[in-house]
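Visitor: What follows is a predicted protein model with its sequence.
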Amino acid sequence: DVTYALFEAYARYKDEEPVLAARLKEEARWGLEFILKNRFGDGYRASSMGLLHWTDGVVGSKDDIYTVRVQNLPFDNFLYSGYEAYAALTLKEEDPKTFDYLVKIAEEDFGFAMEEYQKNGYAGFIQPYEHTYTTSRSQFMATVAWAASQLYLLTGEKHYAEKAEEFIEYVLGCQQTEPIGEDQVTGFFWRDTTKKSIVHYIHQSRDQFYMMALESLCRTQPENINRSRWMDSMKIYGEYIKTIFKHTYPYNMMPSGVYHIDEPSDTEAFYALHLFPPADAKERYDTQIKKGVKLTDEFYIKRFPIWFNIFNGNNAIILSTAKGAAICGNMFDDPELKQMAADQLYWISGRNPFNQSMIYGEGANYPPLDSFSSGDIVGAMPVGIKTIGDEDV
C-alpha cells in the first residue's frame, strides 16, 4: 500500500516538483524491490512478520527471526497484481526492462489469485495479525475489479475488462440504495449481499477501494453499457459522505459511518473485525452505537468507530475514506467532496480539539511517538485519536 502511494505521488508530481518526485520515486523503487524479494513466484509470498527487535543481519546468529508468515491467498495476489501493474505503467517510459518484468509478474499473480479463488472462493484469511483478516467480501470483490482494470489498462487484454465488470456486480449488490431515516441516507456498502453487517474499519482501512474500482471501470471502459450504473454508484456514495459529514462540524472529521444495531449477531464478521474482544463486547457495542446519531431504531451514525480492544485511533480510517471522497470529487468535479477530503489533512495536521498536529515535525504541538527501535522520525504519524471510553467524542 505504501509503495503504491509513493508511485501515485511520484506520477502526480514528476513534472511539477521534480526534486520531490525524484525522492518519491527512489523510495517507491525501494519498496518495489522489497515486494519482489518477498514474492516466491508460485503464488506464495512472505505476507507479514512479527518483529520486536533489530537483528545483526547475519544469518545463523542467535537473534535470527523465524516469525515470517508465508501464504498463498487470492486477496494478496489480486492486490499485488494491481500494484505491480500500476508500477509497470508508471515506469514504462524510463525503465523498459523493469516494465517487461512487472507485466509478466502482474499477470502471473492475477492468475495465481484467480486459481485460488476458483478453488476456495473468498475464504482463506487465517492470520488475525494481518490487516487483511478483516477484509469483507464486498471489499474483496472491489479489489479484484480494481486490479483487473489495472491489468486491462496495462495489457489491453479484453478478458481483464470482463473480469472487472463481473466482480463489480457483486459490489453493486452490497450498496445501500434504499433511503434510511429522515436524512434519507444511502450509498454505503455492506460486507456482503446478506446485508447483516455494514463495512467498518477500526485500525487499518482500505475503504477507498470501492471508489477506486468504480472509477477505474469508468475510465477504462467508457463505452460499456453499465458505465451509467457505475457512475450512479459513485454519485450516491458521494451523497452519503455529504450526509454524514455534518455531524462532526466544526472540526469536519470524516465520520466512521452508519452502523446497524444487530451487527454483533453476524458473529463471523463481528469477531473478524473486533480482534481480542472483551467478554462483554456485544454489550459494549450496544452501548457505543447508541452514543451515535440515531437515524432509526436500527441505524445510527457514528463519528468514531465502535471499538473496545487494543486497536483504536482513526487516522487510517478517515484518510482512506477521504481518498474515496476525493476520487468522487474529481470524477464529478465536486468542490464540496474535494474539500471534505482536504479537511482530513487539516484534522491530521492540527485542526482538531487538541490543536495538535499528528505528523511529527509538522505544525505545532506534535507528540512524541511510541517507536521503540528507531526513535522519533520526522514525518511519522501515530494511529490517531481515540474516544473517551464508550463515548462518541
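Guide: All right, it came through fine.

Visitor: all helices for the protein, in order.
Guide: Counting by DSSP state H, the chain has helices at residues 2-13, 18-37, 74-91, 96-120, 137-155, 158-173, 209-220, 227-245, 267-273, 281-289, 315-331, 335-349.

Visitor: can you pull the pLDDT of residue 99?
Guide: pLDDT for residue 99: 97.

Visitor: where does the stretch 151-300 of the chain have low pLDDT?
Guide: Scanning the stretch 151-300 of the chain for pLDDT under 70 picks out nothing.

Visitor: coming back round to it: between the helices of the chain, which one is nearest to residue 357?
Guide: Closest to residue 357 of these, according to Cβ to Cβ: helix 335-349, at 5.0 Å. Heads up, the C-betas are built off the backbone N, CA and C, glycines and all.

Visitor: So which other helices or strands are in contact with the closest one?
Guide: The contact analysis (3 or more Cβ pairs under 8 Å, 6 or more residues apart in numbering; DSSP states H and E) places helix 335-349 against helix 227-245, helix 315-331.

Visitor: Of these, flag the one that's most buried.
Guide: helix 315-331 (a mean of 22; mean count of other Cβ atoms under 10 Å).

Visitor: Give me the average confidence score over it.
Guide: 97.

Visitor: one step back: dump the helices and strands packed on helix 335-349 to a markdown table, plus distance to residue 31.
Guide: Formatted as a markdown table, the helices and strands packed on helix 335-349 follow (distance: least, Cβ to Cβ, whole Å):
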| stretch | distance to residue 31 |
| --- | --- |
| helix 227-245 | 29 |
| helix 315-331 | 18 |
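
Visitor: Identify each buried residue in stretch 163-181, please.
Guide: Buried residues in stretch 163-181, counted by 16 or more other Cβ atoms under 10 Å: 163-165, 167-168, 170-172, 174-176, 180-181.

Visitor: how far does it sit from the chain's center?
Guide: Mean-position distance between stretch 163-181 and its chain equals 18 Å (Cα atoms, centre = their mean, to the nearest Å).

Visitor: Equivalent analysis for stretch 385-392, please.
Guide: Distance, stretch centre to chain centre, for stretch 385-392: 23 Å (Cα atoms, centre = their mean).

Visitor: Could you do stretch 50-60 as well?
Guide: For stretch 50-60, the distance to the chain centre is 29 Å (Cα atoms, centre = their mean).

Visitor: Pipe the helices of the chain into CSV and attach distance to residue 370 per row.
Guide: Formatted as CSV, those follow (distance: least, Cβ to Cβ, whole Å):
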stretch, distance to residue 370
helix 2-13, 19
helix 18-37, 23
helix 74-91, 28
helix 96-120, 34
helix 137-155, 29
helix 158-173, 37
helix 209-220, 29
helix 227-245, 31
helix 267-273, 24
helix 281-289, 25
helix 315-331, 14
helix 335-349, 17
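
Visitor: Confirm for me that residue 28 is in contact with residue 10.
Guide: Yes. Using Cβ atoms under 8 Å, residue 28 is in contact with residue 10, at 5.7 Å.

Visitor: tally of neighbours for the nearest residue to residue 291 once chain neighbours are set aside?
Guide: Spatial nearest neighbour of residue 291, excluding adjacent residues (Cβ to Cβ, 6 or more residues apart in numbering): residue 392 at 4.2 Å. Neighbours of residue 392 under the rule other Cβ atoms under 10 Å: 21.

Visitor: separation between residue 392 and residue 126?
Guide: Using Cβ to Cβ, to the nearest Å, residue 392 is found at 33 Å from residue 126.

Visitor: next one: residue 139
Guide: For residue 139, the distance to residue 126 - Cβ to Cβ - is 17 Å.

Visitor: do the same with residue 287
Guide: Distance, residue 287 to residue 126, using Cβ to Cβ: 31 Å.

Visitor: cool, and residue 190?
Guide: 23 Å.

Visitor: so who does the residue nearest to the spatial centre of the chain touch?
Guide: Compute the mean C-alpha point of the chain, and by Cα atoms, centre = their mean the closest residue is residue 206, 1.1 Å away. Taking Cβ atoms under 8 Å, 6 or more residues apart in numbering, we find residue 206 in contact with 1, 135, 139, 143, 320.

Visitor: with those in mind, which one is nearest to residue 101?
Guide: residue 1 (21.3 Å).

Visitor: and that closest one, what does it touch?
Guide: Applying Cβ under 8 Å, 6+ apart to residue 1 gives the contacts residue 206.

Visitor: any idea how far it is from residue 320?
Guide: Using Cβ to Cβ, we find residue 1 at a distance of 10 Å from residue 320.

Visitor: can you check residue 135 too?
Guide: Distance, residue 135 to residue 320, using Cβ to Cβ: 13 Å.

Visitor: farthest pair in the buried residues of stretch 163-181?
Guide: The most widely separated members of those, counting by Cβ to Cβ, are 163 and 181 (36.7 Å).

Visitor: Off-centre distance for stretch 87-107?
Guide: With Cα atoms, centre = their mean as the basis, stretch 87-107 stands 24 Å off its chain's centre.

Visitor: neighbours around residue 73, how many?
Guide: Residues lying near residue 73 (other Cβ under 10 Å) number 25.

Visitor: give the contact list for it.
Guide: Per Cβ under 8 Å, 6+ apart, neighbours of residue 73: 47, 116, 124-125, 132.

Visitor: Are any of those buried, and if so which?
Guide: Using 16+ other Cβ under 10 Å as the burial test, the contacts of residue 73 include 47, 116, 124-125, 132 as buried.

Visitor: Where strands are concerned, which of these count?
Guide: residue 47 (DSSP state E).

Visitor: Dump the buried ones among the contacts of residue 73 to CSV, plus distance to residue 87.
Guide: Putting the buried ones among the contacts of residue 73 into CSV (distance: Cβ to Cβ, whole Å) gives the following:
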residue, distance to residue 87
47, 19
116, 22
124, 25
125, 25
132, 20
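
Visitor: Could you identify the least confident member of the buried ones among the contacts of residue 73?
Guide: Lowest confidence among the buried ones among the contacts of residue 73: residue 124, with 74.

Visitor: Could you measure from that one over to residue 118?
Guide: With distances taken as Cβ to Cβ, residue 124 is found 12 Å from residue 118.
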